[in-house]
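Student: Give me a 3D structure for the following:
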Amino acid sequence: MKEMLFILLILWGIPSTFFRSKFRKRVYQTEDWKINIKPLFTREIKGLLFTLYPEDTTYIKLRNQYRLYLLVYLILFLSYTLVS
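Tutor: Residues are numbered from 1 along each chain as shown. The predicted model follows:
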């Protein structure tokens, strides 16, 4: 069971760079690829927890998708660590 959860955790983690890249580009309002390697976290975390741009429906949709993705990732991680 633990091996299966580990494999699911690895597979679920593969698209994380794609989701994070799209979200960061929207939060920092840039299309520059270098945003993916810069360690700017405060605005990203605020954008994830709160609504930075209430009028931007694309941002809100992307934020909600990223939240769901991270929630499933957290559930998989906790399941993996709690299974003995």
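Student: List the buried residues of the biggest helix by length in the chain.
Tutor: Longest helix in the chain by number of residues, with DSSP state H as the criterion: helix 57-82. By 16 or more other C-beta atoms under 10 Å, the buried positions in helix 57-82 come out as 59, 62-63, 66, 69, 76, 80. C-beta coordinates here come from the backbone N, C-alpha and C atoms, glycine included.
Student: Enumerate every residue touching residue 16.
Tutor: The neighbourhood of residue 16, defined by C-beta atoms under 8 Å, 6 or more residues apart in numbering, consists of 69, 73.
Student: Next, count neighbours for the residue lying closest to residue 76 once chain neighbours are set aside.
Tutor: Counting by C-beta to C-beta, 6 or more residues apart in numbering, residue 9 is the residue found nearest to residue 76 once chain neighbours are left out, at 4.9 Å. For residue 9, the neighbour count with other C-beta atoms under 10 Å is 15.
Student: For the helix or strand harbouring residue 9, name the packing helices and strands.
Tutor: Here residue 9 sits within helix 2-13, counting by DSSP states H and E. Counting contacts by 3 or more C-beta pairs under 8 Å, 6 or more residues apart in numbering; DSSP states H and E, helix 2-13 is packed against helix 57-82.
Student: for the helix it packs on, the distance to its chain's centre please.
Tutor: 6 Å (C-alpha atoms, centre = their mean, to the nearest Å).
Student: cool, and stretch 39-48?
Tutor: Distance of stretch 39-48 from its chain centroid, counting by C-alpha atoms, centre = their mean, is 11 Å.
Student: Show me what counts as buried in that stretch.
Tutor: Within stretch 39-48, the residues scored as buried using 16+ other C-beta under 10 Å are 44, 47.
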